[in-house]
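Novice: pasted the sequence and its predicted model underneath.
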Amino acid sequence: MTVNVTVTGAAGQIGYALLFRIASGQLLGPDTPVRLRLLEIPAAVKAAEGTAMELDDSAFPLLEGIDVTDDAKHAFDGTNVALLVGARPRTKGMERGDLLEANGGIFKPQGEAINSGAASDVRVLVVGNPANTNALIARSHAPDVPAERFTAMTRLDHNRAIAQLSKRLDAAVADVKKMTIWGNHSATQYPDVFHAEVRGQNAAQALNDAEWLRDTFIPTVAKRGAAIIEARGASSAASAASAAIDHVHTWIHGTPEGDWTSMAVVSDGSYGVPEGLVSSFPVVCKDGKWEIVQGLDINQFSRERIDASVRELEEERDAVRELGLI
Ligand SMILES: NC(=O)C1=CN([C@@H]2O[C@H](COP(=O)(O)OP(=O)(O)OC[C@H]3O[C@@H](n4cnc5c(N)ncnc54)[C@H](O)[C@@H]3O)[C@@H](O)[C@H]2O)C=CC1
Ligand SMILES: O=C([O-])CC(=O)C(=O)O
């Protein structure tokens, strides 16, 4: 059956890297036809139409149709997978906190449109920053959609952490399992290697280097977004699109046996993260559903870092509450 996929911010740099991969079957699999709905602001509709022309020109066998619109209601009508990418990206020198107000207004009407028109199986991934809190806003305006369908992206952080660890241990990326990102998709995020495994061995033990972990690994992963901006003069785009593909593919098709992934999901109170916050956890996916991995032993070092990132999420929640956005 054909799956309707909505992409917001379709004319942006992530959109440009993402759409061709969706249309080629990498999001949903090689047997699933897809219909795309591209949502943009009026000023960027023409550019999105240009991308749609290129999608046509690629003659993707799985692509059944493309609609470009500036109307959120139309964009989300009957949607099965909604990728909320459109937002104001952080530019040089800008703090993520500044983004809250600029982006909050976008995600309220989009949540309402998802609530009123999306398919009953809709799955939502928020990529646009501040992703966790934007997901919180969208979710709070979609009371009829089950909370577990709203997620935010920390898969890029997860992939960055795997890449850094595999380099350090001279291991293949595929040899790293059970990486975890906790908390917010921001510089306070906590990439946790204490439960990770490299070639079957505990990663923290394999590293045996608390200093590198604390002073190099964690800040490198947590500040990678800023480092890319510094280097490219623009924020991560192809790697972000790749992580969005990974996130939804894993959600639908499942995590491999003996592994898990990281997703920011609506907290049920697990690991002391207040209920309702959209926070990153280790999750396993099966049959199109995610579940937080339970029972992990959290040491003091990890506890402090998880708590700090969760505190930031609470502050963001309080700020958008004050702005009347939730
Ligand atoms: N969660 C994550 O790991 C990552 C998140 N991001 C975030 O993703 C977002 C998009 O990044 P880029 O594509 O590089 O930005 P971009 O500026 O190239 O594109 C954003 C697009 O969104 C559109 N847009 C703005 N408001 C909209 C609305 N209300 N409805 C529909 N479209 C709208 C703009 O017209 C623009 O075309 C940014 O917020 C960025 O910070 C980027 C990298 C990683
Ligand atoms: O900070 C940004 O705008 C881009 C971002 O989220 C990342 O690269 O992780």
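Specialist: That came through fine. Ligands and ions are numbered 1, 2, ... in the order given.
Novice: CA atoms for contacts and neighbours, from now on please.
Specialist: Noted.
Novice: stretch 223-239 close to ligand 2?
Specialist: Yes. Under the criterion of CA under 6 Å from any ligand atom, ligand 2 is reached by stretch 223-239 at 225-226, 235-236.
Novice: let me have the residues you listed in TSV, extended by secondary structure and neighbour count.
Specialist: Listed next are these as TSV, based on DSSP: H, G, I helix; E, B strand; the rest coil; neighbours: other CA atoms under 10 Å:
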residue	secondary structure	neighbour count
225	helix	21
226	helix	22
235	coil	22
236	coil	18
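Novice: closest to residue 277 out of the residues you listed?
Specialist: Nearest to residue 277 among the residues of stretch 223-239 next to ligand 2, counting by CA to CA, is residue 225 at 22.4 Å.
Novice: was I right to think the closest one contacts residue 233?
Specialist: No. Here residue 225 does not reach residue 233: they are 11.2 Å apart, not a contact under CA atoms under 8 Å.
Novice: just confirm yes or no for stretch 79-87 near ligand 1.
Specialist: Yes. Interface with ligand 1: stretch 79-87 contributes 85-87 (CA under 6 Å from any ligand atom).
Novice: of those, which is the most crowded?
Specialist: residue 85 (27 neighbours; other CA atoms under 10 Å).
Novice: who's in contact with stretch 14-21?
Specialist: 7-10, 27, 51, 55, 85, 236-238, 240-242, 244-245 (CA atoms under 8 Å, 6 or more residues apart in numbering).
Novice: so is it next to ligand 2?
Specialist: No. Taking CA under 6 Å from any ligand atom as the criterion, stretch 14-21 and ligand 2 are apart, separated by no less than 10.4 Å.
Novice: tell me which residues of that stretch come out buried.
Specialist: 14-20 (16 or more other CA atoms under 10 Å).
Novice: which residues of the stretch 151-300 of the chain fall in helices?
Specialist: 155-168, 203-207, 210-212, 218-222, 224-232, 238-253, 300-322 (DSSP state H, counting those that start in this stretch).
Novice: ok, residues contacting the fourth one?
Specialist: Which is helix 218-222. 157, 160-161, 164, 186-191.
Novice: what's near enough to touch the residue in the chain that ligand 2 sits nearest to?
Specialist: Going by CA to the nearest ligand atom, ligand 2 is nearest to residue 225 of the chain, at 3.2 Å. Going by CA under 8 Å, 6+ apart, residue 225 touches 235-236.
Novice: now for this structure, the helix or strand with the poorest mean pLDDT.
Specialist: Counting by mean pLDDT, DSSP states H and E, the chain has its least confident helix or strand at helix 96-117, which shows a mean of 87.
Novice: near ligand 1 at all, that helix?
Specialist: Yes. Using CA under 6 Å from any ligand atom, helix 96-117 reaches ligand 1 at residue 106.
Novice: packing partners of the helix or strand that comes right after that helix?
Specialist: Per DSSP states H and E, helix 96-117 leads on to strand 123-126 as the next helix or strand towards the C-terminus. The helices and strands touching strand 123-126, judged by 3 or more CA pairs under 8 Å, 6 or more residues apart in numbering; DSSP states H and E, are strand 81-84, helix 131-140, strand 150-152.
Novice: would CSV of these with mean neighbour count be doable?
Specialist: Listed next are these as CSV, based on neighbours: other CA atoms under 10 Å:
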stretch, mean neighbour count
strand 81-84, 24
helix 131-140, 29
strand 150-152, 28
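Novice: need those in JSON lines (columns: mean pLDDT).
Specialist: Formatted as JSON lines, these follow (pLDDT from 0 to 100):
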{"stretch": "strand 81-84", "mean pLDDT": "99"}
{"stretch": "helix 131-140", "mean pLDDT": "97"}
{"stretch": "strand 150-152", "mean pLDDT": "98"}
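Novice: which of those sits closest to residue 300?
Specialist: Among the helices and strands packed on strand 123-126, helix 131-140 sits nearest to residue 300 (CA to CA), with 24.6 Å.
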